[in-house]
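Peer 1: Next comes the sequence, and after it the predicted model I'd like to discuss.
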Amino acid sequence: MIWPIVALLAFFGFRVLTGNGVIAQAIRTARAMNTAMAAYRMGDYDTALQKAEGLKGTSTTAEYCFFRGSVLHHLGRFDEAEASLRQGLPLEEDPRQKALVYNSLASVLMDQWNMPVKRLISTDLQEE
C-alpha cells in the first residue's frame, strides 16, 4: 500500500527537479529576478533590462512595470520609462508602493523636461 504513495512522490519530485514542475518554474523566475536585480545594483542597466524583459511572460505586473521603468530611466530612455511606469500605476494596489511609482514618474518627467535645457546649455558652451 505504501508503494503507490512512494511512486507518486518520486514522480512529482522528479518533475520538480527536472524543471517541469511549478516549483522549478518559480525557482527559475526567482533566480532570473535576482540576476536582474544584481545587474541593476551594479549599474549594468542593459543586462538588467534584458533579464527583466525575459521575465515578462504573458502577464504584466506592477512590479515588472516599476522595475522596467526604473531601468529605462537610468538608461536615459525617458519616453519608454514614462510609458512603463504609467502602465503599472493602475496595477498597483498598495498605496505606499503607488506613491513610489508616482515619485519615480515625477523624476522621469523632470528629466524629460530638463533634457532640452541641458542640450541648449551644452550647445551654448561649445560655441564659446
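Peer 2: In hand now; what should we look at? Numbering: from 1, shown residues only.
Peer 1: wait, doesn't Asp79 sit right on Asp111?
Peer 2: No. In this structure, Asp79 sits apart from Asp111 without contact. The criterion is CB atoms under 8 Å, and the distance is 11.0 Å. Every residue, glycine included, has its C-beta placed from N, CA and C.
Peer 1: Can you give the domain ranges for this structure?
Peer 2: Residue ranges for each domain of the chain read 1-55, 56-128, as given by automatic domain parsing.
Peer 1: which stretch in those domains has the least confidence?
Peer 2: Mean pLDDT per stretch puts domain 1-55 lowest among these, at a mean of 71.
Peer 1: need the contact list for Gln112.
Peer 2: Contacts for Gln112 (CB atoms under 8 Å, 6 or more residues apart in numbering) come out as Phe78, Asp79, Glu82.
Peer 1: Which of those residues are buried, as a PyMOL select command?
Peer 2: Only the buried members of these enter the following PyMOL selection, criterion being 16 or more other CB atoms under 10 Å:
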select buried, resi 78+82
